[in-house]
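Chemist: kindly generate the corresponding structure for this input.
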Amino acid sequence: MTQNLRGTIHRIGSSIWFIPFVAIPLELIAVRIVHRLDEQLNWTLLGLDMSGAKAMLDAIVTANLSFLVFTFGSLLVAVQVASAQLTPRIIATTLLSDHTIKVCVGLFIFTLLFCVSAQNRMGAEVRQLPAFVAASLGIICFAAFFFLIDHASRLLRPVTVLAQVGNRGLDVIAAVYPEPSRGSAAEPEPDPRGDPGTVLGHHKRSGIVLAVDTSALTAEAARTGTIIEFAPQVGDFVATGEALFLIYGQGAIDEPKLRDAVEFGSERTMDQDPTFAFRIVVDIALRALSPAINDPTTAVLAIDQLHRLLRSVGMKHLRTDELRDRSGRLRAIVRTPNWEDFVHLSFREIRRCGSDNLQVARRLRAMIENLLQALPAHRLPAVAQELELLDREIEQKFPYPEDLALARIGDPQGLGGRSGVTT
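Modeler: Numbering: from 1, shown residues only. The predicted model follows:
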């Protein structure tokens, strides 16, 4: 499967219009099947007369129109609220990708069109089976609408959004880094490549790198006897004309195949970008710590998710940038984030913006203390440095000894879970 096809599938999966659009041809097929069955079965279950059937179908059509207007109106409001209070980066990753909203909208459109078709096919007598199916769909739509209201109200809670981002982040970490940690990284070997013989630039529209097919790069390098370096990193913005591939060695490179191995988009996704989950959670924490919102408890909830994400990354083998074939020869170079990148992303901005808050300072300390106990030894120096920086930061932010002593106690709840107990 090419990256372009994967990109199309991803865009369809993150779009709210696809399932409602599919509901239209499904309705055209279903209404014909139901009428054909009615001719064969001659159902009289409901026993509706003409006026009763028309009144019922009109009511279902009106109700589903109202459901659709309310759903899309609420979705627009939800997008505005989420962008203002959380972060705009959750719109595509959470709101528009929610399957419950898509299925409910598809059900409303399917029922609306089915009832309109049933009305158009009424002749001198009432078709009882289509009327029964329409009534059943109407009841299901009412239940789905009530469920959708409850689901949407829960979906916009910060804890729900953070949990969803955290769960997806864990899935991406497991997919990108499937192997457990192997201990300390080996010393890098001398670089024998020299200067690249060929530089392939990005000739399409500027965009963000969403994914790279590393197996395709390795196979092409093995076929031509070259070393292929992917110049940017997943998540980087690449402008038209910038270097995309650096080719070391001489060989007839299949340029279209190489370019097709890279997927571009207008916004970062979590498909092959584990740091994007960290970025979303950190952005929510920073927005919560801003003076305009001033919600440190939400920042503590964000640190909860950073804690489990960082712990998961620390237990994984963060693959090196060098990809080799089965014989051990270097074939491709694709840069990936290292452990320090994840640590800096998790701590630095939140510490700078929230270390003057007791909740945030204590929750960060509890996170660091837990990681120091749980992670392998080669992961500890970077985490220990964050503890030292946190101590130096809070010494400047808390002039009173009593507050400073309280800030130096790690608390998984932020403030209130461990007020006078040392770890």
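
Chemist: got the contact list for the closest residue in space to Leu148 that isn't next to it in sequence?
Modeler: Excluding the flanking residues, the one nearest Leu148 by Cβ to Cβ, 6 or more residues apart in numbering is Cys104, at 4.7 Å. Where C-beta positions appear, they are placed from N, C-alpha and C, glycine not excepted. When contacts are counted by Cβ atoms under 8 Å, 6 or more residues apart in numbering, Cys104 is found next to 71, 144-145, 147-148.

Chemist: and these, which are buried?
Modeler: A residue is treated as buried here by neighbour count (16 or more other Cβ atoms under 10 Å); on that basis the buried members of these are 71, 144-145, 148.

Chemist: which one of those residues is nearest Ser51?
Modeler: Of all those, Phe145 has the smallest distance to Ser51: 26.3 Å, by Cβ to Cβ.

Chemist: can you list the weak-confidence ranges in the stretch 301-423 of the chain?
Modeler: Applying pLDDT under 70 to the stretch 301-423 of the chain flags the ranges 418-423.

Chemist: hey, where'd the strands end up in it?
Modeler: Here the stretch 301-423 of the chain has its strands, by DSSP state E, counting those that start in this stretch, at 322-324, 330-334.

Chemist: over to the chain?
Modeler: Per DSSP state E, the chain has strands spanning 198-201, 207-212, 227-230, 237-238, 243-248, 262-265, 322-324, 330-334. These are given in chain order.

Chemist: out of those strands, deepest packed?
Modeler: Greatest average neighbour count among those goes to strand 227-230 (a mean of 24), per mean count of other Cβ atoms under 10 Å.

Chemist: that one pairs with which strands?
Modeler: Each strand that strand 227-230 pairs with, and the sense of that pairing, follows from DSSP bridges: strand 243-248 (antiparallel), strand 330-334 (parallel).

Chemist: my guess is Ser83 contacts Ile91, does it?
Modeler: Yes: the pair formed by Ser83 and Ile91 meets the contact definition of Cβ atoms under 8 Å, at 6.6 Å.

Chemist: of the two, which one has the most company?
Modeler: Taking other Cβ atoms under 10 Å, Ser83 and Ile91 do not tie; Ile91 has more neighbours (18 against 15).

Chemist: count of neighbours near His317?
Modeler: Here the count is done by other Cβ under 10 Å, and His317 has 13 residues near it.

Chemist: which residues does it contact?
Modeler: Contacts for His317 (Cβ under 8 Å, 6+ apart) come out as 177, 179-182.

Chemist: could I get the phi/psi values of the spatially closest residue to it that is not a sequence neighbour?
Modeler: For His317, the nearest residue in space outside its immediate sequence neighbours is Glu179; the separation is 4.2 Å by Cβ to Cβ, 6+ apart. Backbone torsions for Glu179, taken as degrees, to the nearest 10, come to phi -100, psi 140.

Chemist: okay, Glu179 and Ile140: tell me how far apart.
Modeler: As for Glu179, its distance to Ile140 is 46 Å (criterion: Cβ to Cβ, to the nearest Å).

Chemist: and the two? Which one has more around it.
Modeler: Here Glu179 and Ile140 are compared on neighbour count by other Cβ under 10 Å; more neighbours surround Ile140, at 12 against 9.

Chemist: what sits against the closest residue to the more buried one other than its chain neighbours?
Modeler: Spatial nearest neighbour of Ile140, excluding adjacent residues (Cβ to Cβ, 6+ apart): Leu107 at 6.9 Å. With Cβ under 8 Å, 6+ apart as the criterion, the residues that contact Leu107 are 23, 137, 140-141, 144.

Chemist: Pro180 too?
Modeler: With contacts defined as Cβ under 8 Å, 6+ apart, Pro180 is in contact with 315-317.

Chemist: so which of those is the closest to Glu229?
Modeler: Distances from the contacts of Pro180 to Glu229 were compared by Cβ to Cβ; the smallest belongs to His317, at 21.5 Å.

Chemist: count of residues packed around the residue nearest to Arg379 when sequence neighbours are not counted?
Modeler: Closest residue in space to Arg379, ignoring its immediate chain neighbours: Gly314 at 4.6 Å, by Cβ to Cβ, 6+ apart. Burial of Gly314 is recorded as 21 neighbouring residues (other Cβ under 10 Å).

Chemist: go on, Asn338?
Modeler: Asn338 has 13 neighbours, counted by other Cβ under 10 Å.

Chemist: do you know how far Val81 is from Leu156?
Modeler: Counting by Cβ to Cβ - Val81 and Leu156 are separated by 7 Å.

Chemist: more neighbours: which of the two?
Modeler: A side-by-side neighbour count of Val81 and Leu156, using other Cβ under 10 Å, places Leu156 first with 18 against 11.
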